[in-house]
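A.B. asks: using only what follows, build the 3D model:
(one chain, ligands or ions: 1)
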Amino acid sequence: MSPSNRRRPGRRPQGPRRPGERGGTRPADPARLAAFEVLKAVRVDEAYANLVLPHVLGRLGLEGRDAAFATELASGTLRQQGTYDAVLAACIDRPLAKVEAKVLDVLRLGAHQVLSMRVPDHAAISTSVDLTRAKVGQGPAGFVNAVLRKVTRKSLDEWVAEVAPSREQDHDGWATVAFSHPRWVVERLAEAVGRDQVDALLEADNVPPSVTLVARPGRATVDELGGTPTSYSPYGVTLDAGSPAAIAAVAEGRAGVQDEGSQLVAIALAEAAVERDGDRAESWLDLCAGPGGKSALLAALAAHQGAALVANERQPHRAGLVLANLTDRSAGSPVDGVSGVVAGDGAKPPFKDATFDRILVDAPCTGLGALRRRPEARWRRATADLDVLVGLQRSLLDRAIDLTRPGGVVLYATCSPVLAETRDVVQAVLADRSDVRLEPIVATAGKVPDSAGPIEGTVQLWPHRHGTDAMFLALLRRTPA
Ligand SMILES: C[S@@+](CC[C@H](N)C(=O)[O-])C[C@H]1O[C@@H](n2cnc3c(N)ncnc32)[C@H](O)[C@@H]1O
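C.D. replies: Predicted structure coming up:
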């Protein structure tokens, strides 16, 4: 599919002049102002767009269509910034690095409206000029006007054909521009998914996912949530419309927003075969639990299986979020299945060796499998992050194996398909130790079609194939040394 097929309807009629407007000095349009403020918060404060958006919308009093327009404008601009920067570079006769950051934000927002939102050119340009006057000053308004006029001269497809390298001679360079991903990410994803599928994956990364909910078993049912049942998780539904917060089970914490792939990770740990250790109730550990989405599902599954879950998270404020996720809001006490929440470093865990029956290591990772839901994430990561993360992932998996009793299991998961974080971590730990073996995932996640991971028996989910985040799952069993 060509990049221009990613256009979404966003046409927004221009209303009459607002009170107080006078010729040439109109105030900035509030929805565009909101999107501008989100970009600024992402750039200056390293904010997450999806977290800052509700605050900005609330502060500016935006609701309904205006809120939807601002959301698409901010998220779409951040997501497709790589494409727009290549276009803008062709329209400006100095390097983009020399353009004032606030002006570049306005230009990117304008480019998104012109090239991907079907906002009429004159409206996109005049509101961008207004925004420049309001937030930067009169000086650059003419520059913004001139640059955006140039942008309107071609469609997105025509621009990509003009500014991207040749697809035949430099596929990754072309994909970098056409699908707006940093080149190193294109290369790593191509290595993981295969050259024949990488374009489909990159394209899927640019489509915001629909909202998926989980009904925590024993506390809520999928029927309470409405929506369409997910294909693989028995606890999931995809919302067709509306806000999750308006659903009682979500508001009460008995259900939550959770990608289907994440649901399959928690289910895979619960479903693994583990022989009972006498009459003792099973003890489960979520080693990297923050903010607690998988812990909440694990706790419900643990309660059902008569087990007890400990949730551990290194960052104290995220451990607080885990606690909130594991608290029964009406009773004010931990939900069934929880035996504790700990703020500790999983690489130096405050637990005794060989004490847990099942451990989830949902490792800190690059998150390159969840780019659909985090529009700015692709620009935040760098290859240098990989080395640091891989070292941490290996030591967390290693410690988790120490904490597992012989016969028990560790599920290693990442929301990244990058082979250095998946295959290589698992193979390195297997090569180092004689007291662990890899086992195939045979239950629900293992039955997902076309989900073979990079080592036999492991699972790799994909946005473009399964509609989930690109979760990787590997099951390891502790054996006597
Ligand atoms: C992928 S996230 C986990 C998501 C979580 N399982 C959920 O479903 O909500 C990884 C988490 O590991 C935490 N983390 C990073 N380093 C850690 C460490 N050394 N020990 C324990 N947790 C750590 C991060 O703060 C982050 O919250």
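
A.B. asks: and residue 468, how many neighbours?
C.D. replies: Residue 468 has 28 neighbouring residues, counting by other Cβ atoms under 10 Å. To be clear about C-beta, it is placed using only N, CA and C from the backbone, and glycine gets the same treatment.

A.B. asks: list the contacts for the closest residue to it other than its chain neighbours?
C.D. replies: In space, residue 468 comes closest to residue 261 once its chain neighbours are excluded; the distance is 3.3 Å by Cβ to Cβ, 6 or more residues apart in numbering. Applying Cβ atoms under 8 Å, 6 or more residues apart in numbering, we find residue 261 in contact with 415, 461, 466, 468-471.

A.B. asks: same deal with residue 422?
C.D. replies: Residue 422 makes contact with 192, 414, 416, 453-454, 458, 460, 472, 474, according to Cβ under 8 Å, 6+ apart.

A.B. asks: any idea how far residue 105 is from the closest residue in space to residue 95 that isn't next to it in sequence?
C.D. replies: Nearest in space to residue 95, with sequence neighbours left out and distances taken as Cβ to Cβ, 6+ apart, is residue 89 at 7.6 Å. Computed as Cβ to Cβ, to the nearest Å, the residue 89 to residue 105 distance reads 15 Å.

A.B. asks: which of these two has more neighbours?
C.D. replies: Of the pair residue 89 and residue 105, residue 105 is the one with more neighbours under other Cβ under 10 Å, namely 25 against 14.

A.B. asks: residues contacting the more buried one?
C.D. replies: Going by Cβ under 8 Å, 6+ apart, residue 105 touches 36, 39-40, 43.

A.B. asks: between those residues, which is closest to residue 427?
C.D. replies: residue 43 (38.5 Å; Cβ to Cβ).

A.B. asks: so the closest one is in which element?
C.D. replies: helix 30-45 (DSSP states H and E).

A.B. asks: helices and strands around that helix, which ones?
C.D. replies: Identification of packing neighbours for helix 30-45 by 3 or more Cβ pairs under 8 Å, 6 or more residues apart in numbering; DSSP states H and E yields helix 49-59, helix 64-79, helix 101-116, helix 121-135.

A.B. asks: I'd say residue 271 and residue 444 touch.
C.D. replies: Yes: counting by Cβ atoms under 8 Å, residue 444 is a contact partner of residue 271 at 6.3 Å.

A.B. asks: just to revisit the earlier point, now the helix holding residue 43: average pLDDT?
C.D. replies: The average pLDDT within helix 30-45 is 98.

A.B. asks: could you do stretch 115-123 as well?
C.D. replies: Stretch 115-123 shows a mean pLDDT of 97.

A.B. asks: can you give the distance of that stretch from its chain's centre?
C.D. replies: Taking the mean of its C-alpha atoms, stretch 115-123 sits 28 Å from the chain's own mean (Cα atoms, centre = their mean, to the nearest Å).

A.B. asks: buried ones in that stretch, by neighbour count?
C.D. replies: Buried positions in stretch 115-123, judged by neighbour count with 16 or more other Cβ atoms under 10 Å: 115-117, 119, 123.

A.B. asks: which strand or helix spans the residue nearest to residue 95?
C.D. replies: In this structure, residue 89 sits in helix 81-91 according to DSSP H and E.

A.B. asks: how about that helix: buried residues?
C.D. replies: Buried positions in helix 81-91, judged by neighbour count with 16+ other Cβ under 10 Å: 81-88, 91.

A.B. asks: just stretch 431-441 next, same as before
C.D. replies: For stretch 431-441, the neighbour count (16+ other Cβ under 10 Å) marks 433, 436, 438, 441 as buried.

A.B. asks: confirm that the third one sits in a helix.
C.D. replies: Looking back up the chat, that one is residue 438. No: applying DSSP: H, G, I helix; E, B strand; the rest coil, one finds residue 438 to be strand, outside a helix.

A.B. asks: residues touching it, list them.
C.D. replies: With contact taken as Cβ under 8 Å, 6+ apart, residue 438 is in contact with 426, 430, 455, 457-458, 474-476.

A.B. asks: one more time with 6 Å, if that's ok
C.D. replies: Taking Cβ atoms under 6 Å, 6 or more residues apart in numbering, we find residue 438 in contact with 457, 476.

A.B. asks: just the second one next, same as before
C.D. replies: Applying Cβ under 6 Å, 6+ apart to residue 436 gives the contacts 401, 476, 478.

A.B. asks: what helices or strands is the top helix by length along the chain leaning on?
C.D. replies: As assigned by DSSP state H, the longest helix anywhere in the chain is helix 383-403. The helices and strands touching helix 383-403, judged by 3 or more Cβ pairs under 6 Å, 6 or more residues apart in numbering; DSSP states H and E, are strand 356-362, strand 404-414, helix 423-432.

A.B. asks: of those, which is nearest the ligand?
C.D. replies: Set against the ligand and scored by Cβ to the nearest ligand atom, those come closest in strand 356-362, at 3.6 Å.

A.B. asks: mind listing what's buried along that closest one?
C.D. replies: Buried positions in strand 356-362, judged by neighbour count with 16+ other Cβ under 10 Å: 356-362.

A.B. asks: please apply the same query to stretch 397-410.
C.D. replies: By 16+ other Cβ under 10 Å, the buried positions in stretch 397-410 come out as 397-405, 407-410.

A.B. asks: got the residues of this structure near the ligand?
C.D. replies: Contact residues (Cβ under 6 Å from any ligand atom) of the chain with the ligand: 262, 288-294, 312-315, 318, 345-347, 362, 364.

A.B. asks: hmm, 5 Å instead?
C.D. replies: Contact residues (Cβ under 5 Å from any ligand atom) of the chain with the ligand: 288, 290-291, 293-294, 314-315, 318, 345-347, 362, 364.

A.B. asks: sorry, back to before: so which of the helices and strands packed on helix 383-403 comes closest to residue 283?
C.D. replies: Using Cβ to Cβ, the nearest of the helices and strands packed on helix 383-403 to residue 283 is strand 356-362, at 5.1 Å.

A.B. asks: next SSE downstream of that closest one?
C.D. replies: Moving toward the C-terminus from strand 356-362, the next element (DSSP H and E) is helix 377-380.

A.B. asks: residues in contact with that next one?
C.D. replies: 181, 185, 367, 371.

A.B. asks: same thing but 8 Å
C.D. replies: 46, 78-79, 81-82, 180-182, 185, 205, 367-368, 370-371.

A.B. asks: same deal with stretch 439-458?
C.D. replies: Contacts for stretch 439-458 (Cβ under 8 Å, 6+ apart): 192, 232-234, 264-265, 267-268, 271-272, 409, 419, 422-423, 426-427, 438, 459-462, 465-466, 472-477.
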